[in-house]
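Asks: Using only what follows, build the 3D model:
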Amino acid sequence: MNKFFALAAIAAVTVFSSCSNDDDDDTAVTKVLPNSFSARLLGAQTNAAGSFFSPTSGLVYSTGDSANYIANKVDVSFAQTGSPTVAKFISLASRRAEGLSRVTSINRITLFSASALTKANFDTIGNVAVKALAVGVGTVVPVATGRLYNFQNAEGKKGVIYVSNLDNGAGTNGSVTIDVKFEK
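Replies: Numbers count the residues shown, from 1 in each chain. Below is the predicted model of the structure:
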């Protein structure tokens, strides 16, 4: 019996001593990155560019593509509303309240809020940080160049939008160019 304990003690010392340098291992942990889409152009109501964005696929759709909204999870629409007009990201469910056509019978609710992130944060954000973003309860948010906006879609998945360019255009002919990070 004593031989068994002696062998067990030797084995334990060998195992633990072979792990002694684990804290010194500088192998990097791979950061999981969110889905990333750059330079997506969305147009307001009378602009030729599509007004609807799917953060799942990264594709932009026009009003005529409304049959694709459900399958492709369109969560963000862009429009200019009010007098004078203001550029906004609008949840599909809130388009009618903004004086716009619903374009589809689905009522996907997307929540938006201004983000506390900087552009540098946006450029390096990982998937875990995207999932942890704070999102408000608004379904409409006015947008401006150089600003960031957090959002959460109907399934609870989160993302952040960076407005790299905003062209207010005449009336409802403006456009916005966005970069998006969306959780995997």
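Asks: Excluding chain neighbours, what is closest to Gln45?
Replies: Nearest-residue entry for Gln45: Thr172, 4.1 Å, with adjacent residues in sequence omitted and distances by Cβ to Cβ, 6 or more residues apart in numbering. For glycine as for every other residue, the C-beta is placed from the backbone atoms N, C-alpha and C.
Asks: Can you read off the pLDDT for the one you found?
Replies: On pLDDT, Thr172 comes in at 93.
Asks: Which parts of this protein are strands?
Replies: 35-43, 52-53, 60-61, 76-81, 86-90, 111-114, 140-142, 148-152, 158-167, 175-182 (DSSP state E).
Asks: you'd agree the residue nearest to Gln45 is up against Ala87?
Replies: No. Assessed by Cβ atoms under 8 Å, Thr172 is found out of contact with Ala87, at 9.8 Å.
Asks: Do you know the pLDDT at Ala6?
Replies: 47.
Asks: ok, how many other residues are close to the residue nearest to Gln45?
Replies: Using other Cβ atoms under 10 Å, Thr172 has 18 neighbouring residues.
Asks: Spit out the contact partners of it.
Replies: By Cβ atoms under 8 Å, 6 or more residues apart in numbering, the contact set of Thr172 is Ala44, Gln45, Thr46, Asn47, Ala79, Gln80, Thr81, Thr85.
Asks: Which single one of those residues is nearest to Lys131?
Replies: Using Cβ to Cβ, Ala79 comes nearest to Lys131 of the contacts of Thr172, at 28.2 Å.
Asks: Quickly note the distance from the residue lying closest to Val128 once chain neighbours are set aside to Lys181.
Replies: Excluding its sequence neighbours, the residue lying closest to Val128 (Cβ to Cβ, 6+ apart) is Val32, at 7.0 Å. Val32 sits 12 Å away from Lys181, going by Cβ to Cβ, to the nearest Å.
Asks: of the two, who's got more company?
Replies: When neighbours are counted by other Cβ under 10 Å, Val32 and Lys181 differ, and Lys181 comes out ahead with 27 against 11.
Asks: nearest residue to that one other than its sequence neighbours?
Replies: In this structure, Lys181 finds its nearest non-sequential neighbour in Pro34, 4.5 Å apart by Cβ to Cβ, 6+ apart.
Asks: how many neighbours does the one you found have?
Replies: 22.
Asks: Name all residues that make contact with it.
Replies: Each residue near Pro34 by Cβ under 8 Å, 6+ apart is listed here: Ile125, Gly126, Asn127, Val130, Gly159, Lys181, Phe182, Glu183, Lys184.
Asks: Pull out the buried residues from these.
Replies: Ile125, Asn127, Val130, Gly159, Lys181, Phe182, Glu183 (16 or more other Cβ atoms under 10 Å).
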